[in-house]
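1. For reference, the sequence and a predicted model appear below.
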Amino acid sequence: MFENQEKLRAFVYAEEVVTFVRAANEAATFLEDLKEKNGRAFIVEALTHLSEVYRSILKIGDNEPLSEAGVETTVSEQEWAEVFQRILAILGPHNEILRPAEDDEFDRSDLVTHTISEDLADVYQELRDFTSLYSRGLEELMNDAVWEVKVRFTEHWGKKLLRSLSSLHDLFVAGIDPTEE
């Protein structure tokens with residue numbers, strides 16, 4: 001048991017995991033505190049935080065869950081909606097993007113209208129749920145939170161993160177400041 005406990009401790013406090021925790025927390029905090037952000041500053045900071053989240057999650061080693069019960073969610077619908085609304089208010093008409101329909105969607109068109117604010121609110125929820133659980137300091141829970149966030153990254157929120165990065169990159173390159181329009 002001691003050997004397994006040492007391996008667990010080594011994993012949950014590994015530099016790569018701690019780097020991801022820091023990036024996830026900074027990105028989630030950034031998305032929670034958007035009240036004073038103008039459009040151009042939001043775009044630049046979002047690109048910075050989100051690219052660090054993507055980079056750092058890729059460096060985390062593999063692990064297995066220790067509990068059969070899934071990890072709990074901590075972000076309420078209201079908190080999700082507040083992040084969504086803040087991003088929508090900042091980006092305004094630049095919030096909408098066109099993207100190809102995915103296989104599981106029932107839309108028959110080739111392109112689907114989507115919003116950056118929805119994708120980022122979903123990413124926020126994943127990051128804040130993860131950091132809330134990880135910060136409790138229970139190593140088994142920390143391990144399972146890392147495992148869960150990585151699985152969910154590959155299943156859905158990684159794609160949303162990349163779609164947001166791509167859309168924000170396009171706005172950045174075009175020199176758009178949504179608050180000036």
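-> Yep, that arrived.

2. Check this protein and tell me which residue is nearest its centre.
-> For the chain, the residue sitting closest to the mean C-alpha position, by C-alpha atoms, centre = their mean, is V123 at 3.0 Å.

3. Kindly provide the distance from it to Y134.
-> Computed as C-beta to C-beta, to the nearest Å, the V123 to Y134 distance reads 16 Å. C-beta here means a position set from N, CA and C on the backbone, and glycine is covered the same way.

4. residues touching the residue nearest to the centre of the chain, list them.
-> The contact partners of V123, taken as C-beta atoms under 8 Å, 6 or more residues apart in numbering, are 27, 31, 50, 53, 157, 160-161, 164.

5. how about the strands of this structure, start to end?
-> Counting by DSSP state E, one finds strands in the chain at the ranges 96-100, 111-115.

6. Any idea which of these has the lowest pLDDT on average?
-> Ranked by mean pLDDT, the strands of the chain bottom out at strand 96-100, which scores a mean of 75.

7. Excluding chain neighbours, what is closest to I57?
-> F20 (5.4 Å; C-beta to C-beta, 6 or more residues apart in numbering).

8. the bottom helix or strand of the chain by mean pLDDT?
-> The weakest-scoring helix or strand in the chain, judged by mean pLDDT, DSSP states H and E, is strand 96-100 (a mean of 75).

9. low-confidence ranges in the protein?
-> By pLDDT under 70, the low-scoring segments of the chain are 1-3, 99-109, 111-112, 181.

10. now the helices for it?
-> Under the criterion DSSP state H, helices of the chain are mapped to 2-12, 15-32, 39-58, 77-91, 116-134, 139-152, 158-173.

11. Can you say which of the ones you listed is packed in most?
-> helix 116-134 (a mean of 23; mean count of other C-beta atoms under 10 Å).
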